[in-house]
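**Student:** dropping the sequence and predicted coords here.
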4 protein chains.
Amino acid sequence: MIKRYEDSEIAMIWSDENKLNLWQKTELAVIKARVKLGYVSQEIFNKISKILLKTPIDLDWWKKRDNEIHHDLQAFIDERLRFLSIDLQRFLHERMTSYDTEEPAFSQMLKKSLSRVHDFFSELMQDIAKLALHYRYTIMNARTHGQEAELQSFGKRCLTWYRELQVDLDNLKRAEKNLCFSKLSGAVGNYGGIDPELEKEALKILGFKPFYGATQIIPRAVFAPIAQALAQIVSTLNKIAIDVRLGARSGRAICQEPFAKKQKGSSKMPHKKNTISTEQTEGMARMANKFFQMIMDNIPTWEERSIEQSCVERVAWPDLFHVVVRSIKVMTKILTGLRVYPDVMIQEIIESRGCYAAGEAKEVLRELGVEFGLTSEEAYRIIQLAAFNVFRSTKMAQEIRESPPTSLIEADSWFEKFKNTSPPPVDSIQEIIIEARIETSEDLEATDYDVQRWNSVLSKIFQNQENLLRWNQIFLPSYLLRNETRLFQEVLGAK
Amino acid sequence: MIKRYEDSEIAMIWSDENKLNLWQKTELAVIKARVKLGYVSQEIFNKISKILLKTPIDLDWWKKRDNEIHHDLQAFIDERLRFLSIDLQRFLHERMTSYDTEEPAFSQMLKKSLSRVHDFFSELMQDIAKLALHYRYTIMNARTHGQEAELQSFGKRCLTWYRELQVDLDNLKRAEKNLCFSKLSGAVGNYGGIDPELEKEALKILGFKPFYGATQIIPRAVFAPIAQALAQIVSTLNKIAIDVRLGARSGRAICQEPFAKKQKGSSKMPHKKNTISTEQTEGMARMANKFFQMIMDNIPTWEERSIEQSCVERVAWPDLFHVVVRSIKVMTKILTGLRVYPDVMIQEIIESRGCYAAGEAKEVLRELGVEFGLTSEEAYRIIQLAAFNVFRSTKMAQEIRESPPTSLIEADSWFEKFKNTSPPPVDSIQEIIIEARIETSEDLEATDYDVQRWNSVLSKIFQNQENLLRWNQIFLPSYLLRNETRLFQEVLGAK
Amino acid sequence: MIKRYEDSEIAMIWSDENKLNLWQKTELAVIKARVKLGYVSQEIFNKISKILLKTPIDLDWWKKRDNEIHHDLQAFIDERLRFLSIDLQRFLHERMTSYDTEEPAFSQMLKKSLSRVHDFFSELMQDIAKLALHYRYTIMNARTHGQEAELQSFGKRCLTWYRELQVDLDNLKRAEKNLCFSKLSGAVGNYGGIDPELEKEALKILGFKPFYGATQIIPRAVFAPIAQALAQIVSTLNKIAIDVRLGARSGRAICQEPFAKKQKGSSKMPHKKNTISTEQTEGMARMANKFFQMIMDNIPTWEERSIEQSCVERVAWPDLFHVVVRSIKVMTKILTGLRVYPDVMIQEIIESRGCYAAGEAKEVLRELGVEFGLTSEEAYRIIQLAAFNVFRSTKMAQEIRESPPTSLIEADSWFEKFKNTSPPPVDSIQEIIIEARIETSEDLEATDYDVQRWNSVLSKIFQNQENLLRWNQIFLPSYLLRNETRLFQEVLGAK
Amino acid sequence: MIKRYEDSEIAMIWSDENKLNLWQKTELAVIKARVKLGYVSQEIFNKISKILLKTPIDLDWWKKRDNEIHHDLQAFIDERLRFLSIDLQRFLHERMTSYDTEEPAFSQMLKKSLSRVHDFFSELMQDIAKLALHYRYTIMNARTHGQEAELQSFGKRCLTWYRELQVDLDNLKRAEKNLCFSKLSGAVGNYGGIDPELEKEALKILGFKPFYGATQIIPRAVFAPIAQALAQIVSTLNKIAIDVRLGARSGRAICQEPFAKKQKGSSKMPHKKNTISTEQTEGMARMANKFFQMIMDNIPTWEERSIEQSCVERVAWPDLFHVVVRSIKVMTKILTGLRVYPDVMIQEIIESRGCYAAGEAKEVLRELGVEFGLTSEEAYRIIQLAAFNVFRSTKMAQEIRESPPTSLIEADSWFEKFKNTSPPPVDSIQEIIIEARIETSEDLEATDYDVQRWNSVLSKIFQNQENLLRWNQIFLPSYLLRNETRLFQEVLGAK
């Protein structure tokens, strides 16, 4: 991974230096296990262990050797053998194949990297929980298909992010379970070298249980779901990022990612606050997904193994972890510094002209209308029409829609004209329905006759004071959000 | 492909019936070529041809036979042989391998499908060109990072769609070039059956040139770029769809996909006009891309061929074509029925408070400021500050931002409060800069001293009437869009 | 999915008919739950339920209506409403949004499909277990990198397939856990329609628990791991298929997929038994993986939902299931009919000239050599050299390698020459080492001096009768496979 | 990319240092173009150019600044401005947006990297052409479905590799064509900054033509096909690698990738020559394909641009180039050092027992049989049966197939038994057919009656001396390969 996006700890974990030290750890664990089983004396282990641990591995020597023999594990053994007397040499890598040494090391690198992911992840989860609670009563228009739908709190939106990440976390935890396994069962997995008891003992020292049924390697099917789970996290982060980006659209931003005081939005346009971190998250998701797919492609291999997975794993695993860790860190920064504008959210609700309660309104009308012979379909059509009515355009607007400017000069003059005209007052479906003043619309099929009838029914319904009270109540945020309490209880254990 | 998304013509092209007829076409072409080279008499060809063409292939017989012998091409030959006398039998499929018969058929199916794509595609291109010209002077805020950037016309945005599709079309046309090749060179591609001259002659009849260097099949590397080009088209359509979706966000929709009179946006929320066609385009792009990747995966094969590509091609090619054709048709419908709201676009520009010209303003300030010792950096900072100033929030807004509601009742009362308060008048960077009234901002690092100095410089600059005129001019749409003419000339040949 | 590859049961599950019936099931469950909570009378439920269940849904009417209003769920409601009197109408789909109805239906379709996968899967697992036990003592050369490595039984190879599939199965089972959840929480997931208690009750009837924290839909992060798990199964099947294909290479096939008596391998080459089923499995894996990726791409969505996932799910889920079910069925057929040739396996071991025990031989030499000053490196080099020695080519072979034929006539005469020459007798590293007759080789760096010294050491070692006995023992299959017992115990519980 | 797989030149091209120098190149080109159009004096250009070119960019300063303002291009401008006096400052980056500077730089990096790919690629092509010609008459069994099919030369196999790479190369060259375009058309692509004439002039200096119809950036649709073409090359290299791996399977290797004298195949098994380079090529193909897909995902963007493509391009493009260059270099090494064993190839043909000519044999029989009433179907069945006959297993083999060993001891004894038994002499379809001694087979449906009749027909046919001569001729390599000449002519222009 390029420096710009790398996490230093992940880089350390996947460094040659760390890998070789982990290889040595396997080698020593095997000798120690032999001691335990009585194959080798404690003294020999002590000697070897002392020498190897105090003599740092010479990475340059190792690399040179690797270039010569084209076998990195064997080059490592050769490097270590330099420091052992002939009588000790035979105990190193005794009866082992390369992947006996490498598999436990590889799994340890995965575990360490995952632990780092979990650290950042739980921080993020806490931050989102806080955000959700902070904005638990901050009302906004929920949006489906980009359209203003029903009312919700911004806290509830955060809570859906939280919950989806929880799904991802569970998924990751489940996938990780198989990391308790490793193998030392030899070149083809049938204990041609090390025997089953020795494997068990040595793996125990390293913190693993034997994977019975390996070939030369653990099947990559064990690891692919972990990569999927990691990529999935970034996909969800991207979902959150998209929500933030959509909320930050200028003209009416309801939230914005943090913007440093010295930050420059654009080299050309000084007024801009670009959503660069959230957009980057989308790029990161693209990468995470493809790094995962490289790893998924590693499942099929030939017979007792072939090595095409090796180069992929050298690149894709660390890069996947870099991308995941960075994406989580960036999202934490975005969300902890998130600027939220409840005022704009309210303004947006106001300008939605009562439609934020349209669903509820339809249900109420359906109920109240029954005694006046209104069908379900008609209740639906009345609300739809009312919504179209309140958003009817002005005459000037209609004019320019029909004949858009045909020259730049004309464009200038339209611009002036609009600048000098105030927008008409905001009407609302709340009012026009109780006042029974819905009208036909070009955009919907409804005859004059229908509309007249509907208005007459509406008049009747809302002569009844109780109906009127009920009607007005459903436009209250407190009414519409009354059930969110349960969500906060269930998801965050909030009272 | 499921019926809902299939194109009937594509379905016909990839039907068994059509495929078998194309196989027969290859078989007959080879016999005809033999006639031409003098290997077989014209009479024999006539006999065979007459029998086969007048006897429709019995698909049921063929399928049953295929189930028995697990070889669809051989089953087809068996079906046809039923109608030939023993003396004629040996001329059918003589010295040919299955893929000699199948490859030309396959390429013909590709060609036919591509021709359908081209038909719909050119219609779409014409429609976009029309749209671009119709809205050539309809001004709007261009957006980068979702933020209002500089001014452009909506026609120019259409033109960028047009141009990107043109790139895709060129890409497709280039990729198609290799479809001029096919092969009849036998089971391993070295003319063990048919000889090179016969291949040449027979392919000529079928409209192809020989691909020298095939194995049993034409390398799938020939076809993968075609699939890429098709998937790329849907990616671009998705880009257009995203632009339409973003433009259709309720609250301030500048455009909307067409909405049928009887259409229902939501079963729950009658007021909604959901962007379902544009959103579907994104789903289609996901599919197109993956169908392409299935085809791309088909490149490597074992030695002189193995057959893993076959099942993939049976599914992925027709499905890719269905998706592409449907996506183009849907986009044509969206764009020909697109509702465009120039009034809202202008309103949006107005409410961007002069920032639409911020880039230009910075340049002008940079120039005019030189004589007063203003650095480039300072010019940038002044405009940035002015932009922050004009978008400064009201006190009420600041209050709720700092302390969002802590109960639903509180939410209700804030809602009421905002409903009863009119928004403050719109200020603009155009004015506050010439009037030298920029102020410090919490969000940017700028000392009181800086701001004071900057205001003083601004005063001096705009005492000069010429500077003032120049300043005001850059806020005119006609000025800002002056260079678009060239684009329309270059891309659409418009005057 | 095209007919050729579809599973009829999967097709039924994902049919419109079944889907609409499941929608109705949700609708009825909600009314029933209302009865339970006292909102609606039992009588009303009975009336509605009776009418709807006895009146089959008119698919044609529904499709026509959908084409008109572009909303399939609403069209379904409209279809059903036709049969309800106005007073009953309001109880249908009351306060619900489309995805309240659809989500539980969707999850039921997934569950049913998965159950079919499990049925076929467990059959396959049993068959592989049988195969493993049947060939538990059938010895063969294991292969790594396509090269003959150590000895194993063919049963053990089957066991590694079994174990990898077990990993896949665990993965699937874990991923499925989330299918216990569904939602009825309304258009934006905050119970704007149905309240939490009603949701709980209704979902209970349908066999689900509420997913707290949904938007309009359950986050697709819940489903993506299931698709991954399904695709992973096909990847492992492909691994098995590859092993079978590699084993079936003609010239020395150790196993073959079944071949029907009437089957034709090739229309051109009658002698062939093509590995078409195993090769198809690779194609299926390509498709499965991409269908999964379509589903994985569905994770990010806009705000409280947008609908791009819908078309993808209509296509990718059933197609993924078709591919998975077919692949499992085909693999079951391959493995239950697998032809295994233990004689060829043994012949192959014999012709590996003792190298099958080379790893063990190196270890023994390492040990025995210590007292004669042989380093670990030298033990390695001796075995390597011995291996190169026994595979030394004949003079005739060397000749043609150096000067390959330069004309077809020359090719003919070489062909004749080889036809009339018997291959030299097979030597073995087992013998040449105890007989101390290793020689230098062009392909390895080893001086005459080294080789002389090594031979002299070898002589000394094998003068010792005990060493000799030990040496010969390691070339016995029973010795080399002694630890496989443990694997069969651990994986299959075999004694 | 990790050091192990990186190409130093590619690393240099994509280094920050090079990128910033290319940015400066764009900046200077624009000023120079202004000079040309008379907007700026030559003197000013000279001053700026002299200062900037002689003052190396301070990468540390730049990075620090970038961290502060989160805008790498602006940080670069700031770094450069440090060296310019206030009067010169305004000419730098005048009226430009970041991507005006970056796009031409980016395209230059692509062009340079591609040029490196082409260098290595043409070397590889030459080497394959040489290989093809060297082994033009080296006969081998072609293989389809892993099965021995018809005869071909090894040179012809190389030639199919060559031809597929040629397809890839053409594809790449076509995709590159669009690299002639770049843009300087401002923040939203409508010349808000630089005007069209200036763009044209400046791009000309940099070696580009204007891309009319850009947004802030060139649509990524321009670049995706290049990435596809690169990934496709690695896919084809993987196809070649697979062929080499399959050819190298021990037991009967017909070719091997080079193996260094000091190389170690395995730490456990000293005898092995592992196919690590070819296997790595498969891993590289997996990566190349996914890096391409990251780039393909970059096509859709929001409106006049959003920046999610940026991080992907920083990573995926250089990594894709590293992978491509390395894969080509590795393949060149494999193929120039390839060990080819014509002797083994011939041995394999001999042991295919005449089946290498089965296709031709069937055709001849079909022809000769007509006068004896043999149908096409019967000719097919006779050859198929003959093939099954010559590969009939021995009794001992049948025995062990029916009852595989049931203990390790039994396995030992079977092993001994086979060791002490010589294989039966090799029969051939060439002989048994002319000698009319085909027999029934368990594996094929053919009655005794059929077989008797067929033998009788065969006797009659081959009483005719002419028929016999014709028959024997078709088993000659020179006959079977007679048409390959044409391929070498067409593909390599060889005589």
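**Tutor:** Alright, I've got the coordinates.

**Student:** which one's the longest helix in chain A?
**Tutor:** helix A:98-134 (DSSP state H).

**Student:** count of residues packed around the residue in the stretch 351-495 of chain A that chain B sits nearest to?
**Tutor:** Here the stretch 351-495 of chain A gets closest to chain B at one residue, A:A387, 3.2 Å apart by CB to the nearest CB. Every residue, glycine included, has its C-beta placed from N, CA and C. Using other CB atoms under 10 Å in any protein chain shown, A:A387 has 26 other residues around it.

**Student:** go through the helix or strand hosting it and flag the buried ones.
**Tutor:** Secondary structure assignment for A:A387, by DSSP states H and E: helix A:376-390. In terms of neighbour count (16 or more other CB atoms under 10 Å in any protein chain shown), helix A:376-390 has its buried residues at A:376, A:378-390.

**Student:** below-threshold pLDDT in the stretch 151-300 of chain A: ranges please.
**Tutor:** A:261-271 (pLDDT under 70).

**Student:** can you give me the helices in it?
**Tutor:** Counting by DSSP state H, counting those that start in this stretch, the segments of the stretch 151-300 of chain A that form helices are A:154-176, A:196-206, A:224-247, A:276-296.

**Student:** which one of these lies nearest to chain C?
**Tutor:** Across the helices of the stretch 151-300 of chain A, closest to chain C is helix A:154-176 (CB to the nearest CB), at 2.8 Å.

**Student:** thinking again about what came up before, I'd say the residue of the stretch 351-495 of chain A closest to chain B and A:C355 touch.
**Tutor:** Yes. Counting by CB atoms under 8 Å, A:A387 touches A:C355, with 5.2 Å between them.

**Student:** check whether the longest helix of chain A comes near chain B.
**Tutor:** Yes. Helix A:98-134 lies within reach of chain B by CB under 8 Å from any CB of the partner chain, at A:H134.

**Student:** does any part of that helix sit near chain C?
**Tutor:** No. If you take CB under 8 Å from any CB as the test, helix A:98-134 misses chain C, and the best it gets is 9.3 Å.

**Student:** quick one, that helix and helix A:196-206 angle?
**Tutor:** Calculated by axes from the mean of the first three to the mean of the last three CA atoms, to 10 degrees, helix A:98-134 forms an angle of 40 degrees with helix A:196-206.

**Student:** quick check: next helix or strand after helix A:98-134?
**Tutor:** Moving toward the C-terminus from helix A:98-134, the next helix or strand (DSSP H and E) is strand A:139-144.

**Student:** which elements pack onto that next one?
**Tutor:** In terms of contacts (3 or more CB pairs under 8 Å, 6 or more residues apart in numbering or on different chains; DSSP states H and E), strand A:139-144 is packed against strand A:147-153, helix A:154-176, helix A:342-351.

**Student:** given the first one, what are its sheet partners and their directions?
**Tutor:** Read that as strand A:147-153. strand A:139-144 (antiparallel) (DSSP bridges).

**Student:** what's in contact with the partner strand?
**Tutor:** Defining contact as CB atoms under 8 Å, 6 or more residues apart in numbering or on different chains, one finds that strand A:139-144 is touched by A:148-154, A:157, A:246, A:254, A:342, A:345-346, A:348-349, A:352, A:356, A:477, A:481, B:249-251, B:266, B:269, B:272, B:274, B:405, B:411, B:415, C:187-188, C:190, C:215-216, C:302-306.

**Student:** just send the buried residues of helix A:376-390 back as TSV, with distance to A:I400 too.
**Tutor:** Output for the buried residues of helix A:376-390, formatted as TSV (distance: CB to CB, whole Å):
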residue	distance to A:I400
A:S376	38
A:E378	34
A:A379	35
A:Y380	32
A:R381	29
A:I382	30
A:I383	29
A:Q384	26
A:L385	25
A:A386	25
A:A387	23
A:F388	20
A:N389	21
A:V390	20
